[in-house]
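Asks: my questions concern the predicted model and sequence given below.
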Amino acid sequence: MTSDKFISIEGIAKRYDGARSTTIFENLWLGMTRGEFVCVIGHSGCGKTTVLNILAGLDAPSEGVVVVDGQAIEGPSLDRAVIFQSHALLPWRTVLGNVAYAVSSKWRKWDRAKVKAHALKYIELVGLAGSEHKRPSELSGGMKQRVGIARALAITPKIMLMDEPFSALDALTRGTLQDEVRRICVETGQTVFMITHDVDEAIYLADKIVLMTNGPGAVLAEIVENPLPKDRLRGDLHRHPLYYALRNHIIDFLVSRSKIFTAETPDHDPRKVPVVKIGRTEPTIVVSKPAESDAPQAVAR
Ligand SMILES: Nc1ncnc2c1ncn2[C@@H]1O[C@H](COP(=O)(O)OP(=O)(O)OP(=O)(O)O)[C@@H](O)[C@H]1O
């Protein structure tokens, strides 16, 4: 493992044994640096949630290991916060109660006043100041998801894991929450691993977009570097000269290459997932460095 890898997924596999045993994926390798926002895109059933659950410590790989900040994952931890599509709030607790519960679970010695002040800071950060005494049944879907985000951020996790967190929301709320999450993550340098089916969401939020092929036997085909500036604005995305090249590259993968990638790329090395840099002409693929080498090799496509 090289030192710049804050998260290191090292050769994980997931198999289900039954009458017909299935390999969802195997020999999956991926590194992430601290503060990086990575989105994974792939068709339904390829194994994205399984990877996220392994990162969360909620599921165990059949083989391989995941190391976060130098420590192998062995189970759930308050170092890793998960936000799912449907917010799992405690219905009998208020907004403040839900966030404070997570805070006091992490810092057990904190007194009530300190827990409350800390929780309120994050409730405010997600735009819910004034609603802290409401119960989940009094909140809209978007507000509930904000509570989930506040609760996740309030425990200052080393990594935030998000599984299609905005997919159940209406377009307007989704856009607003994407803006909030992006602002907070940029401001706080939060490391994020997120699953989405929404190409534009990935382009807006992610530093890198990981393309996963169809399962069973799914592989990470490419890591696409987002060429858009860090201070990008949602409304300006389509004006960036590389936006359409980036979007087309991802859509082309989802529409056709995700199905034929494995057959057409027999020499694909899962330890050196190609890094794609979108340029004004054709995308350039850079074979990522192997764990032990520091010299990337550029290959024009
Ligand atoms: N307990 C199980 N036994 C057998 N197969 C399973 C089990 N749990 C999950 N799977 C299979 O593992 C595969 C990966 O599931 P996973 O939920 O990770 O996919 P996904 O890419 O996140 O899909 P989606 O985008 O639809 O959420 C699926 O084909 C699913 O049917």
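Replies: On my side now, so go ahead.

Asks: in the stretch 101-250 of the chain, what residue comes closest to the ligand?
Replies: Gly215 (5.6 Å; CB to the nearest ligand atom). (Each C-beta comes from the backbone N, C-alpha and C, glycine too.)

Asks: and that residue, its phi and psi?
Replies: Taking degrees, to the nearest 10, you get phi -100, psi 180 for the backbone angles of Gly215.

Asks: same deal with the one 3 residues further on?
Replies: Summarising the backbone geometry of Ala218 under the convention degrees, to the nearest 10, its torsions are phi -70, psi 150.

Asks: oh, and call the first residue 55 from now on, that's how I've got it
Replies: In the new count, where the first residue is 55, that last one comes out as Ala272.

Asks: the residue of the stretch 155-304 of the chain closest to the ligand and Cys100 touch, don't they?
Replies: Yes. Under the criterion of CB atoms under 8 Å, Gly269 makes contact with Cys100 at 4.3 Å.

Asks: which neighbours do these two share?
Replies: Shared contacts of Gly269 and Cys100, defined by CB atoms under 8 Å, 6 or more residues apart in numbering, are found at 78-79.

Asks: count of neighbours near the residue of the stretch 155-304 of the chain closest to the ligand?
Replies: Gly269 has 20 neighbouring residues, counting by other CB atoms under 10 Å.

Asks: same question for Arg166.
Replies: 9.

Asks: show me the contacts for it.
Replies: With CB under 8 Å, 6+ apart, Arg166 has no contacts at all.

Asks: show the pLDDT at it.
Replies: Reported pLDDT at Arg166 in the predicted model: 96.

Asks: cool, Glu234 as well?
Replies: pLDDT at Glu234 comes out at 86.

Asks: one more: the one 4 residues further on?
Replies: pLDDT, the model's per-residue confidence, is 86 for Ile238.

Asks: quickly note the distance from it to Lys160.
Replies: 18 Å (CB to CB, to the nearest Å).

Asks: with Pro130 instead?
Replies: When Pro130 is compared with Lys160 (using CB to CB), they lie 12 Å apart.

Asks: who's more crowded, the two?
Replies: Lys160 (17 against 12).

Asks: backbone phi and psi for the more buried one, please?
Replies: Per degrees, to the nearest 10, the backbone of Lys160 is at phi -80, psi -40.

Asks: mind listing what it touches?
Replies: 132, 209.

Asks: how close does it get to Leu106?
Replies: Applying CB to CB, the value for Lys160 to Leu106 is 21 Å.

Asks: and Val264, that's in a strand?
Replies: Yes. Assigned with DSSP: H, G, I helix; E, B strand; the rest coil, Val264 falls within a strand.

Asks: spatially nearest residue to it, not counting backbone neighbours?
Replies: Closest residue to Val264 apart from its sequence neighbours, by CB to CB, 6 or more residues apart in numbering: Val94 at 4.6 Å.

Asks: what's the answer for Phe220, then?
Replies: Spatial nearest neighbour of Phe220, excluding adjacent residues (CB to CB, 6+ apart): Arg228 at 4.4 Å.

Asks: ok, Asn81 next?
Replies: Among residues not flanking Asn81 along the chain, Pro324 sits closest, at 4.6 Å (CB to CB, 6+ apart).

Asks: okay, that neighbour: pLDDT?
Replies: So Pro324 comes in at 95 (pLDDT).

Asks: show me what from this protein comes close to the ligand.
Replies: With CB under 6 Å from any ligand atom as the criterion, the chain meets the ligand at residues 70, 76, 78, 96, 98-104, 269.

Asks: tell me the one among those nearest to Lys331.
Replies: The shortest gap between Lys331 and any of the residues of the chain next to the ligand belongs to Gly96, at 20.5 Å (CB to CB).
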